[in-house]
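Colleague: sequence first, then the predicted structure:
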Amino acid sequence: MNGLKTLGTWLSRTEQQSKLAILIYHRVHPKPYNRIGLEVDAQLFDQQMGLMAKYFNVLPLADAVQSLKNNSLPPRAVCITFDDGYADNCEVALPILKKWQLPATFFIASGFLNGGCMWNDKILEAVFQSPLNTLMLSEIDEHPLAIDTKENKERTANYLLSKLIYLPHAERAEKVEYVLQQAQVTAPNNLMMTVEQLCHMKQQGMDIGGHTCSHPILASLPEKEAEQEIANNKAYLESVLGEPLRVFAYPNGKPGRDYQAAHINIVKKLGYECAVSTAWGVSSPDADCYQLARFTPWDTSSGKFMLRHVLNYRNTLPEVV
C-alpha cells in the first residue's frame with residue numbers, strides 16, 4: 001500500500017501536467033482468460049479502474065485532446081479506449097466503468113457487428129478449439145503444427161498470426177478460412193457487439209469512434225479502397241448513432257507500417273478531430289493529434305500497474321509518418 005502511495009505522489013508532481021496517457025484495451029473477459037494476448041478479465045479490469053478513479057483524471061478522449069492542444073490538461077490525465085467492438089465491452093466492461101464513473105471511448109470496426117468474427121479471433125478459435133493434436137496446413141507451412149498442449153497452442157497461434165497479418169486482405173481472409181476448415185472448427189458468431197449493444201453504450205455515456213469497416217492494414221490497400229474503409233465506417237456508425245464521430249483509431253496502428261501519411265490526410269478530410277495509433281508513450285501539446293500515442297497496461301498487480309504508468313510518462317513522443 002505504501003508503494004502505491006509513493007507512486008501516486010510521484011504522479012502528482014506538476015511535471016506530469018500537459019501529458020496525456022491513453023490506454024488500449026480490446027476484450028474484458030468475464031473470467032480469467034487462458035489463451036494469448038494482453039487481455040484482462042473482469043476482476044483485474046475492476047482493480048485497474050479503481051486505481052484509475054483514485055489516482056488519475058480520466059477524461060473523454062475528444063475533450064482531452066482539445067485540452068492537450070490548449071495546454072490546459074489536468075495533471076495525471078488519462079483516457080481509456082477499446083478497439084474493435086467486442087460484445088464483452090458492453091456486457092462486462094461497461095458495468096465496471098459505470099461503477100467507477102469513468103468515461104471511455106470504443107473504436108468500432110462496423111463490418112463485424114451483429115455476428116461477425118475478426119480474422120485473428122478465427123485463428124485463435126481454430127487453434128484452441130480444434131479436436132486435433134496437430135494442424136496440417138500445407139498451404140501455409142510444410143511442417144505439422146502441434147496443438148496438443150497449451151504451450152504448443154500458444155506457439156502455433158502466435159506463429160499463424162504473425163505469418164498472416166501482413167498478407168493482402170483478400171488472401172489473408174482465404175487463408176484464415178482454410179485454417180478453420182483444416183482445424184475442423186466453426187467461427188463463433190457472438191464475439192462482437194450487436195447494433196443494440198452499441199447504441200446502449202452510447203446511451204450510457206460512452207464515446208464511439210471509427211475503426212474502419214473490416215479492420216484491414218490500411219497500408220496494404222490501394223488508397224481509394226482505404227478511403228472507402230474509413231469513410232463507409234464513419235457514415236454507417238453516424239447513421240446508427242445519430243451524431244458525428246469525432247475520433248478514429250488506425251487498425252493495428254503502427255506508424256509508417258500499418259498506416260501512412262495518406263491515411264492521416266483521409267482521416268482529416270473526413271472531419272475527425274483526432275486519431276490514435278499504437279505507438280507507445282504519452283502525448284504532449286506539440287504531439288500530432290492525428291497520431292496520438294497509446295499503450296496496453298498488461299500488469300496484473302496494482303503496484304506494477306502503477307509503475308507502468310510512471311514509466312510510460314517518461315517515454316518520448318511516438319514515431320510520426
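Modeller: Received the coordinates, thanks.
Colleague: can you list the domains in this protein?
Modeller: 2-115+193-313, 119-183 (automatic domain parsing).
Colleague: give me phi/psi at residue 134?
Modeller: Note on residue 134: backbone dihedrals following degrees, to the nearest 10 are phi -140, psi 140.
Colleague: quick one: contacts of stretch 89-106?
Modeller: Applying CB atoms under 8 Å, 6 or more residues apart in numbering, the contact partners of stretch 89-106 are 25, 27-30, 42, 45-46, 49-50, 52-53, 58-62, 79-82, 85, 193, 197-198, 200-201, 204-209, 247. C-beta coordinates here come from the backbone N, C-alpha and C atoms, glycine included.
Colleague: first to last residue in it, what's the distance?
Modeller: Stretch 89-106 has an end-to-end distance of 8 Å (criterion: CA to CA, to the nearest Å).
Colleague: pLDDT on it, on average?
Modeller: Here stretch 89-106 scores 98 as its mean pLDDT.
Colleague: among the domains of the chain, which is the most enclosed?
Modeller: When those are scored by mean count of other CB atoms under 10 Å, the highest mean neighbour count falls to domain 2-115+193-313 (a mean of 19).
Colleague: tell me how far that domain is from the chain's mean position?
Modeller: Centroid displacement of domain 2-115+193-313 relative to its chain, using CA atoms, centre = their mean, to the nearest Å, is 6 Å.
Colleague: ok, residue 109 - contacts?
Modeller: 84-85, 118, 211-215, 233, 251.
Colleague: among those residues, name the ones in helices.
Modeller: Secondary structure of the contacts of residue 109 is defined by DSSP state H; positions in helices are residue 233.
Colleague: now the two most distant members of the contacts of residue 109.
Modeller: Greatest spatial distance among the contacts of residue 109 (CB to CB): 118 and 233, at 14.2 Å.
Colleague: circling back: weakest of the domains of the chain in terms of mean pLDDT?
Modeller: Minimum mean pLDDT among those: domain 2-115+193-313, a mean of 90.
Colleague: what about the closest residue to residue 266 other than its chain neighbours, distance to residue 269?
Modeller: Nearest residue to residue 266, sequence neighbours excluded (CB to CB, 6 or more residues apart in numbering): residue 227, at 5.0 Å. According to CB to CB, to the nearest Å, residue 227 and residue 269 sit 8 Å apart.
Colleague: by contact count, what packs against the strand or helix carrying residue 237?
Modeller: Residue 237 belongs to helix 223-241 when assigned by DSSP states H and E. Applying 3 or more CB pairs under 8 Å, 6 or more residues apart in numbering; DSSP states H and E, one finds that helix 223-241 contacts helix 195-203, strand 207-210, helix 261-269.
Colleague: among the ones you listed, which is nearest residue 183?
Modeller: The closest of those to residue 183 is helix 195-203. By CB to CB, the value is 28.6 Å.
Colleague: now the angle from the longest strand along the chain to helix 195-203?
Modeller: Within the chain, and with DSSP state E defining each element, the longest strand by residue count is strand 77-84. With axes from the mean of the first three to the mean of the last three CA atoms, to 10 degrees defining the directions, strand 77-84 sits at 170 degrees from helix 195-203.
Colleague: strands paired with strand 77-84, and their directions?
Modeller: Counting by DSSP bridges, the strands paired with strand 77-84 are strand 20-25 (parallel), strand 57-58 (parallel), strand 105-108 (parallel).
Colleague: downstream neighbour of the last one in the secondary structure list?
Modeller: In the C-terminal direction, the helix or strand that comes right after strand 105-108 (DSSP H and E) is helix 119-129.
Colleague: ok, and what's touching that next one?
Modeller: Here helix 119-129 makes contact (CB under 8 Å, 6+ apart) with 35-36, 117, 135, 147, 153, 156-157, 160-161, 164-165, 172-173, 176-177, 179-180, 182-183, 185, 187-188, 191, 215.
Colleague: show me what secondary structure element comes after that helix.
Modeller: Using DSSP H and E, the helix or strand that follows helix 119-129 in sequence is strand 134-135.
Colleague: that following strand pairs with which strands, and in what direction?
Modeller: Here, using DSSP bridges, strand 134-135 pairs with strand 145-146 (antiparallel).
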